[in-house]
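K.L.:
Need a 3D model of the sequence below.
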Amino acid sequence: MYDAVACYYPINFTPPQNDTFKVKPETLKQLLNDCFTASPKLVGHFVPFLLDKLSAKQVETRIETLTLL
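P.N.:
Next comes the predicted model:
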């Protein structure tokens, strides 16, 4: 589960102008966060991963990570 989810973090998505599905970046981010917190068994994998993301150069990534933690 960890490998299937961690590769998508952080989500950087801008919908195309002709997006007929009306996908919002905020929705994708929330659903990914839900995956991170879906099971207590995943915490041992995701906490170290997220702590590592706190050293990212992108401020948005650090803010999203702090919010998730």
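
K.L.:
Could you use CA atoms for every contact and neighbour count after this?
P.N.:
Fine.

K.L.:
Using neighbour counts, pick out the buried residues of stretch 47-56.
P.N.:
By 16 or more other C-alpha atoms under 10 Å, the buried positions in stretch 47-56 come out as 50, 53-54.

K.L.:
Just the residues contacting it, thanks.
P.N.:
Stretch 47-56 has contacts (C-alpha atoms under 8 Å, 6 or more residues apart in numbering) with 61-62, 65-66, 69.

K.L.:
In helices, which of these appear?
P.N.:
61-62, 65-66 (DSSP state H).

K.L.:
Among those residues, which one lies nearest to residue 42?
P.N.:
Taking C-alpha to C-alpha as the measure, residue 42 lies nearest residue 65 of those, at 15.9 Å.

K.L.:
What pLDDT does the model give the closest one?
P.N.:
Looking at residue 65, its pLDDT stands at 95.

K.L.:
can you put the contacts of stretch 47-56 in a markdown table and add distance to residue 46 and neighbour count?
P.N.:
Formatted as a markdown table, these follow (distance: C-alpha to C-alpha, whole Å; neighbours: other C-alpha atoms under 10 Å):
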| residue | distance to residue 46 | neighbour count |
| --- | --- | --- |
| 61 | 15 | 19 |
| 62 | 15 | 19 |
| 65 | 11 | 20 |
| 66 | 13 | 13 |
| 69 | 10 | 13 |
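
K.L.:
Pipe those into a markdown table and attach distance to residue 42 per row.
P.N.:
Output for the contacts of stretch 47-56, formatted as a markdown table (distance: C-alpha to C-alpha, whole Å):
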| residue | distance to residue 42 |
| --- | --- |
| 61 | 20 |
| 62 | 20 |
| 65 | 16 |
| 66 | 18 |
| 69 | 13 |
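
K.L.:
now the nearest residue to residue 22 once chain neighbours are set aside, what's its secondary structure?
P.N.:
Excluding the flanking residues, the one nearest residue 22 by C-alpha to C-alpha, 6 or more residues apart in numbering is residue 15, at 7.8 Å. Using DSSP: H, G, I helix; E, B strand; the rest coil, the structure places residue 15 in coil.
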